[in-house]
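**Q** Got a sequence here, can you model it:
(one chain, ligands or ions: 1)
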Amino acid sequence: MVIPALEVRDLSVTYGKFVALHDVDLEVAEGEIVALLGASGSGKSTLLRAIAGLEPVAAGDIRMHGYSVVATPTHERGCGMVFQDGQLFPHRSVGRNIAYGLETTGMPRAARAERVAEMLELVGLEGYESRSVATLSGGQAQRVALARALAPAPQMLLLDEPLSALDRALRERLSVELRDIIRAAGISAVHVTHDQQEASAIADRIAIMIDGRIGQIGSREELLGAPASTEVRDFLGADGRVRGRIVAQRPTTTQVELLDVVTEVRGMRGEPGDEVSLRIS
Ligand SMILES: Nc1ncnc2c1ncn2[C@@H]1O[C@H](COP(=O)(O)OP(=O)(O)OP(=O)(O)O)[C@@H](O)[C@H]1O
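**A** Sure, this is the predicted structure:
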């Protein structure tokens, strides 16, 4: 039998009388990346925090590599975490941020420096050791946060909206990089996001969270092809809107230029680059 990296069974988390998570089941295989995708307040961060040991559990079990960790304190669970705003230490250099988790392990200085250099290479920031974190761009700061989380070779990586403070173009580029870095590190990861595109760019499977429950879990194609409920279909549909920009406001209509839309059209011939006009109905 293959033991999953993470098993969550019948997990409930409550805040007073409010039940934030109801009987949640989730399995993450060794080396697998699973996204928790859902509307605001659906319980994504609560589930991630419970896995990390930052939220007390009212009922159920959390197992990592076969061992229950519900009674294990956060710092002994071996989870590397990355948050939305990086939360880098402002007075430490890039290198000393990445070394943070290694300093408490008693690792000798030379080995620490070697590990920091290895992590900088992994995230594509070779030579940044001495830089002040105040001089980094948002994307670079998140790469440093990722390097810091991966440096102590955690059992599992937990990402809470790691790209949502970045603009869309950077988010799309970094999604692919993030996936490649996690793959190269060979680690299992749980990734919280409210962005469907980001979830499908990074994760192997997507768990759709609705009101404190996992509504369905599968690849994006599986979810879109056979949504298990109207809530799942509505969530995926609502997120699949087409982006546009208002070009002109007329007395009775608004002219909208559609952005990023590529569509298949039958019965038309032309060369790439030709301008065309389509009626959407
Ligand atoms: N410390 C708390 N005390 C009381 N209620 C809380 C607490 N933390 C979260 N909640 C509630 O639990 C529910 C789930 O919150 P959670 O932060 O997990 O949602 P989320 O899906 O991560 O949302 P978002 O995308 O907005 O971050 C929400 O209704 C929230 O108001």
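
**Q** CA only for contacts and neighbour counts going forward, please
**A** Fine.

**Q** Now do the same for the residue nearest to residue 66 when sequence neighbours are not counted: helix, strand or coil?
**A** With sequence-adjacent residues excluded and distances taken as Cα to Cα, 6 or more residues apart in numbering, residue 66 is closest to residue 3, at 6.1 Å. Reducing the assignment at residue 3 to three states with DSSP: H, G, I helix; E, B strand; the rest coil gives coil.

**Q** ditto for residue 14
**A** Here residue 14 is strand, with the state taken from three-state DSSP.

**Q** where along the stretch 1-150 of the chain do the helices fall?
**A** If DSSP state H, counting those that start in this stretch is used as the criterion, the helices of the stretch 1-150 of the chain fall at 44-52, 94-103, 109-122, 138-150.

**Q** on contacts alone, who are the packing partners of the second one?
**A** It stands for helix 94-103. helix 109-122, helix 138-150 (3 or more Cα pairs under 8 Å, 6 or more residues apart in numbering; DSSP states H and E).

**Q** With the longest one instead?
**A** Applying 3+ Cα pairs under 8 Å, 6+ apart, we find helix 109-122 packed against helix 94-103, helix 138-150.

**Q** what residues does the last one touch?
**A** Right, the one you point to is helix 138-150. Taking Cα atoms under 8 Å, 6 or more residues apart in numbering as the criterion, the residues outside helix 138-150 that touch it are 80-82, 85-88, 94, 97-101, 119-120, 122-123, 125, 133, 157, 162-163, 165-166, 170, 174, 185.

**Q** Mark which of those residues are buried, thanks.
**A** Under a neighbour-count criterion of 16 or more other Cα atoms under 10 Å, the subset of the contacts of helix 138-150 counted as buried comprises 80-82, 85-86, 88, 94, 97-101, 119-120, 122-123, 125, 133, 157, 162-163, 166, 174.

**Q** sorry, back to before: would you list the helices of the stretch 1-150 of the chain in JSON lines and tack on mean pLDDT?
**A** Converted to JSON lines, the helices of the stretch 1-150 of the chain look like this (pLDDT from 0 to 100):
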{"stretch": "helix 44-52", "mean pLDDT": "96"}
{"stretch": "helix 94-103", "mean pLDDT": "94"}
{"stretch": "helix 109-122", "mean pLDDT": "94"}
{"stretch": "helix 138-150", "mean pLDDT": "92"}
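
**Q** Let me see the confidence value for the residue lying closest to residue 4 once chain neighbours are set aside.
**A** In space, residue 4 comes closest to residue 29 once its chain neighbours are excluded; the distance is 4.5 Å by Cα to Cα, 6+ apart. Residue 29 carries a pLDDT value of 96.
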